[in-house]
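J.: I'd like to go over a predicted model; first the sequence, then the structure.
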2 protein chains.
Amino acid sequence: MKDIEIAQQNKMNKITDVAEKIGLKPDEIEQYGTYKAKIKLPVTAKTKTKGKLILVTAINPTPAGEGKSTVTVGLGDAFSLLKKKVMIALREPSLGPVMGMKGGATGGGFSQVVPMEDINLHFTGDMHALTTANNTLAALVDNHIYQGNKLHIDQRRVIWKRVLDINDRALRHVVIGIGGVTQGIPREDGFDITVASELMAILCLAEDIADLKKRIGQIVVGYTTAKEPVTVDQLGVTGAIALLLKDAIKPNLVQTLAHTPAIIHGGPFANIAHGCNSVLATQTALKLADYTLTEAGFGADLGAEKFMDIKTPVLGKTPDTVVIVATVRALKMHGGVAKNELEEENLAALQKGYVNLQKHIASMKRYNVPVVVAINQFTSDTEAELAKLQQLCADDKTTAVVADVWGKGGAGAVELAKKVLETCEQDNEFAPLYAADDELETKIEKIVTEIYGGAKVEYGVKAKRQLKRFKELGWDRLPVCMAKTQYSLSDNAKFLGAPKDFTIHVREFMPKLGAQFIVALTGNVLTMPGLPKVPAANGMELSDDGTISGLY
Amino acid sequence: MKDIEIAQQNKMNKITDVAEKIGLKPDEIEQYGTYKAKIKLPVTAKTKTKGKLILVTAINPTPAGEGKSTVTVGLGDAFSLLKKKVMIALREPSLGPVMGMKGGATGGGFSQVVPMEDINLHFTGDMHALTTANNTLAALVDNHIYQGNKLHIDQRRVIWKRVLDINDRALRHVVIGIGGVTQGIPREDGFDITVASELMAILCLAEDIADLKKRIGQIVVGYTTAKEPVTVDQLGVTGAIALLLKDAIKPNLVQTLAHTPAIIHGGPFANIAHGCNSVLATQTALKLADYTLTEAGFGADLGAEKFMDIKTPVLGKTPDTVVIVATVRALKMHGGVAKNELEEENLAALQKGYVNLQKHIASMKRYNVPVVVAINQFTSDTEAELAKLQQLCADDKTTAVVADVWGKGGAGAVELAKKVLETCEQDNEFAPLYAADDELETKIEKIVTEIYGGAKVEYGVKAKRQLKRFKELGWDRLPVCMAKTQYSLSDNAKFLGAPKDFTIHVREFMPKLGAQFIVALTGNVLTMPGLPKVPAANGMELSDDGTISGLY
């Protein structure tokens, strides 16, 4: 049965009932239809909370699939089965990939958040608000240049790009403002996908509305002809951009198939941004529930590192347990098996590929938090493979629990949940990777050597020049956000498993003064995906009564 | 007091109460917060209704302002005061002009629809859904060309443009797909504002979901190298585009300051499209209420003509009364007075400018529907001017009633409402301007001579070539949608009043096979506005508690 069919056959509870279950009164939410709501901001990042926090992360992704969201949802439902007061906090899907290839991002099988069609399409409009705010700012920048350019913005040095929540390769590189003197000032530009907008990162790191405005005001949109940064505050439009996000900043409440309350809010890229749902979403869950399950994007080297080093300082709360999701199939790929040979048992390849998981276990333990491995079971996994993987983890003093969340929902993750409940009671003193006032180079070196397992860092000509300039501008001690391939611990997507002695090449930096981090680009990072030869859109239908099919 | 302050000080009823008042049960609406809702489609264009329909239109707009929406809202509230079961149906505002110059489009003073901030910003996401659907289709077209171009689309003949709901002149003319072989196929392109998208016109003319899909499938996105039209059905993505509009097609319910229920749904341009709210919105109001007040864009020559000739054949209902809004100030401008001299009494200029109103009265009577003139009172109007204008109308056998809707809300329009109630009881046999199977040239000639008061039509070289081709394609008997300046009855914005003996120059046609009309372009029509030197955005603020100011 297809995911959408499972979701459509499921009977949802009214969102007012879901809200009530976690202690939210009807006037504390704003309904968006019968099954979605926004939570009126009950918290700020400064609100004291007592809930336990469980971070779900994964090995480096492979085409075999890991099912991180599916495990997060299934684990949440298992907590519900164990009568625990639990909430799930996830990122919002981007519409571009839904129409392209990836399909939805709402879990799968019997571990899904619903209504899946709405969540994967327009949801409560957060992405659209971000797109609009981003592009309104872009139009205001170009208009400023066109209308006399009082701030002396150099049109060749505008760094604020436009965005669409669409996979559209034709917009990656464009020339705008052509057609004559009344049509603007010609310049090169480009579109990113909306989740790559700095505003998305800002929305996800803002402590409250005041902080949202502060961060928006600090955004650097470009440089003057004298190469000085130009901010949104200087343009005088901070208020206008902020008010376009007045509703988007409120966390969205939905539910799982088993009616576990879930907050789905914010979804920044995990390469050029920090890849976690909003601080306000996590904080809201921590306040309302005893246990909050949240996930970070891509593998632990990208998503979890950023969760630890960028998000937790704002959140003021570190994880009580880290769950690392792995599959036998994916580890076999890390061990060198081709995708079409994954169905066959291969203990040698599993052992060989295990090094990838092993490295992530060590990296997470580096932060001094308890680690549990979740083996997301696929039908092709053999008993021997599952046992082997558990043994390999045990040899590294780590518990690995098999979970069948796709096929059984929460019931397939009860053992895993029990283990996580246990580890959450352990005392742990979080050990940060770097100090807030370390220099950029120090921060990058620590990430590369301690989290990626690399040997050293090399900076390109442009990156070196920028480091010098950042020191002058006082931008040299911000958190660093690594933009690296998600497929490898190194910066080469082909190096699977756990490569050693590699060098990370930092080509260029992208200052994100609103998000308050500096992105370090290693290699080319695609910030606007393209559509495949046969897009998913070609299989989608809307029936005359409004029912959707062909959405995965 | 500013409009937004009046709106914010007003106490709204819960939208569930507003819905109940017109007989909609809680499960017949979908709440969007406490004060907005979507109405689950209770009707199709085929549903039998018994309500009376009042169309509000106006003289040709001038910088003095006419206040058509304000009169519509005030008149609705006056119907409520008279204990009539009434609904208002208006267009949705576009966000671009809100950030630019125009301000909101939700009425003014004590005649507003609320919550005005939400309606003027993201509202229920309809504009964003349309933007997304439009641009997803654009990406699919470019992707088709990039991925082998099975349909042989000529990239120089793609006519499907991208859109944003933003005033952004720099996007009017762009070059896309540059940057190398993996970045698409280079071609010239351009962005329109979202309300100019054919999908907006389609949404507003669709009879139901089945008709929506049919229309989307018929959209011509471009031509092959052999100059044959290429449709969305041929691309195989009709379902995907339709499902992006599954919620946008549902009418939105809000209220006036005086709690009169109002549907605000759809807002196509009134030049390159037909300029009326959706058929489904009007139809829903006609079913739920005894009296439905709706408006058409710009002056009666553009908006009302299209209401009569394009919308009513789909709606299956013609107006029981047409209200033409005029102001003393605007008529004085039509009579040659400069904007800074409008405060002074000038009976001669009023009489001179009256010809504009006179022509619109005659045009509307051409359709054989009762006409009432609403004189929207401004504080600078003198008693003598108001009396003079009423007398001029009386000489043309037309009742003109003074209304002070800005200052007094519904109470300022009770006399007007009584007159309209009276005319709605008159028998009238609607007289269409042209027959459905008239040829394009015949339709245009009738519009130009009978509605604009022009002498003849001239076709440019391209237009003549297109007319020939349209006959081959069987597109030569569709309704015509005139794209003309809104400021004059002629195609020259400077000819105020009621110009005579003029020629209308049709430069080019734009076939809209989904909307099922052919746009005739006279002169340059701006489909992507620009921002002014000091955009409205620069005065907007969001307070730390989420309150908006600086929005008009």
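T.: Thanks, I have the structure now.
J.: which residues of the stretch 401-550 of chain A fall in helices?
T.: With DSSP state H, counting those that start in this stretch as the criterion, the stretch 401-550 of chain A has helices at A:405-408, A:414-424, A:440-446, A:461-473.
J.: deepest-packed of these, please.
T.: helix A:405-408 (a mean of 22; mean count of other Cβ atoms under 10 Å in any protein chain shown). (C-beta placed from N, C-alpha, C; glycine too.)
J.: using CSV, list the CA coordinates for it.
T.: Taking C-alpha atoms only, helix A:405-408 is exported to CSV below (Å, rounded to 0.1, in the frame of the first residue of the first chain):
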residue,chain,number,x,y,z
VAL,A,405,8.5,1.4,12.1
TRP,A,406,7.5,1.4,8.4
GLY,A,407,5.5,-1.8,8.7
LYS,A,408,4.3,-1.7,12.3
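J.: chain center to that helix, what's the gap?
T.: Per Cα atoms, centre = their mean, to the nearest Å, the displacement of helix A:405-408 from the mean C-alpha position of its chain is 23 Å.
J.: what is that helix packed up against?
T.: helix A:68-81 (3 or more Cβ pairs under 8 Å, 6 or more residues apart in numbering or on different chains; DSSP states H and E).
J.: mind putting the helices of the stretch 401-550 of chain A in a markdown table, mean pLDDT and distance to B:Met99 included?
T.: Converted to a markdown table, the helices of the stretch 401-550 of chain A look like this (pLDDT from 0 to 100; distance: least, Cβ to Cβ, whole Å):
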| stretch | mean pLDDT | distance to B:Met99 |
| --- | --- | --- |
| helix A:405-408 | 95 | 45 |
| helix A:414-424 | 98 | 47 |
| helix A:440-446 | 98 | 36 |
| helix A:461-473 | 97 | 30 |
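J.: where's whichever residue of the stretch 1-150 of chain A sits closest to chain B, which helix or strand?
T.: With Cβ to the nearest Cβ as the measure, A:His128 is the residue of the stretch 1-150 of chain A nearest to chain B, at 3.4 Å. Using DSSP states H and E, A:His128 sits in helix A:126-146.
J.: same deal with A:Ala348?
T.: Using DSSP H and E, A:Ala348 sits within helix A:347-366.
J.: and that helix, which residues are buried?
T.: A:347, A:349-365 (16 or more other Cβ atoms under 10 Å in any protein chain shown).
J.: now the helix holding A:His128 against helix B:126-146, angle please.
T.: For helix A:126-146 against helix B:126-146, the angle by axes from the mean of the first three to the mean of the last three Cα atoms, to 10 degrees is 80 degrees.
J.: give the next helix or strand downstream of helix A:126-146.
T.: Following helix A:126-146 in sequence, per DSSP H and E, is strand A:153-158.
J.: and that next one, what's buried?
T.: Judged by neighbour count (16+ other Cβ under 10 Å), strand A:153-158 contains these buried residues: A:153-155, A:158.
J.: most widely separated two among these?
T.: Greatest spatial distance among the buried residues of strand A:153-158 (Cβ to Cβ): A:Asp154 and A:Val158, at 7.6 Å.
J.: helix or strand with the lowest mean pLDDT in chain A?
T.: Lowest on mean pLDDT, DSSP states H and E among the helices and strands of chain A sits helix A:3-9, with a mean of 88.
J.: which strands and helices lie in contact with it?
T.: Contact here means 3+ Cβ pairs under 8 Å, 6+ apart; on that basis helix A:3-9 packs against strand A:111-114, helix A:116-120.
J.: pull the residues that contact it.
T.: Under the criterion Cβ atoms under 8 Å, 6 or more residues apart in numbering or on different chains, residues A:104, A:106, A:108-110, A:112, A:114-117, A:257, A:547-552 lie in contact with helix A:3-9.
J.: list only buried entries from the residues you listed.
T.: A:104, A:106, A:108-110, A:112, A:114-117, A:257, A:548-552.
J.: of those, list those near chain B.
T.: For chain B, the contacts drawn from these by Cβ under 8 Å from any Cβ of the partner chain are A:117, A:548, A:550-551.
J.: for chain B, state which of those is nearest.
T.: Closest to chain B, out of all of those and judged by Cβ to the nearest Cβ, is A:Ile548, at 5.1 Å.
J.: please list all residues in contact with that closest one.
T.: Contact partners of A:Ile548, counting by Cβ under 8 Å, 6+ apart, are A:4, A:117, A:540-542, B:243, B:246.
J.: ok, 7 Å please
T.: Neighbouring residues of A:Ile548 by Cβ atoms under 7 Å, 6 or more residues apart in numbering or on different chains: A:117, A:542, B:243, B:246.
J.: how close does A:Lys494 sit to B:Ala289?
T.: 66 Å (Cβ to Cβ, to the nearest Å).
J.: pretty sure A:Val323 is in a strand, no?
T.: Yes - counting by DSSP: H, G, I helix; E, B strand; the rest coil, A:Val323 is located in a strand.
J.: that one reaches A:Ile375, doesn't it?
T.: No - the criterion here is Cβ atoms under 7 Å, and A:Val323 misses it with A:Ile375 at 10.9 Å.
J.: great, nothing more from me.
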